[in-house]
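Chemist: just a sequence and a predicted model for now, questions to come.
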Amino acid sequence: MVSDGDASQEDTVWGRMDHHTGGCHTCPAGYYCPGGANGDGKRKLACAAGKYSTATGAPSASTCKDCAAGKYYDGTGAPSASTCKD
């Protein structure tokens, strides 16, 4: 199940080959997808509020970086540092 509420992607397998569709879906920037080849690959989790990640295909929350001092983003899934505002 996808964690960001996008029902159209409920069956998407993130970060590895999807044998049902034959495609591979890379976890997008602002998210991380634990599981990969050794897990179910169906969890796409957003970086928490106040964090961002420019990485695609990120396997863990450790790729989510803090917004710079004095800046913040109160949403989740920020794809870049420029998303963080004063």
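Modeler: Arrived safely, thanks for sending.
Chemist: which residues in the chain form strands?
Modeler: Taking DSSP state E to define them, one finds strands in the chain at 31-32, 45-46, 51-52, 65-66.
Chemist: H25: neighbouring residues, count only.
Modeler: Using other CB atoms under 10 Å, H25 is surrounded by 18 other residues. C-betas here are computed from N, CA, C, even on glycine.
Chemist: distance check, it against Y52.
Modeler: When distances are taken as CB to CB, to the nearest Å, H25 and Y52 turn out to be 21 Å apart.
Chemist: and for P28?
Modeler: Using CB to CB, one gets 12 Å for the distance from P28 to Y52.
Chemist: joint contacts of the two?
Modeler: Between them, P28 and Y52 have P79 as joint contacts when contacts are counted by CB atoms under 8 Å, 6 or more residues apart in numbering.
Chemist: the two - which one has more neighbours?
Modeler: Y52 (26 against 19).
Chemist: output stretch 62-72 as CSV, restricted to C-alpha atoms.
Modeler: Extracted as CSV, the C-alpha positions of stretch 62-72 are listed here (Å, rounded to 0.1, in the frame of the first residue of the first chain):
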residue,chain,number,x,y,z
SER,A,62,18.5,8.4,6.4
THR,A,63,18.5,10.0,2.9
CYS,A,64,16.1,12.7,4.2
LYS,A,65,18.1,15.7,5.2
ASP,A,66,17.0,18.5,7.6
CYS,A,67,16.0,21.9,6.1
ALA,A,68,18.7,24.5,6.7
ALA,A,69,18.7,26.5,10.0
GLY,A,70,15.8,29.0,10.0
LYS,A,71,14.0,27.2,7.2
TYR,A,72,11.1,24.7,7.4
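Chemist: average pLDDT across that stretch?
Modeler: Averaged across stretch 62-72, the pLDDT comes to 96.
Chemist: repeat for stretch 44-52
Modeler: 95.
Chemist: just stretch 77-85 next, same as before
Modeler: Per-residue confidence for stretch 77-85 averages out to 96 on the pLDDT scale.
Chemist: mind checking the end-to-end distance for that stretch?
Modeler: Counting by CA to CA, to the nearest Å, the length from the leading to the trailing residue of stretch 77-85 is 14 Å.
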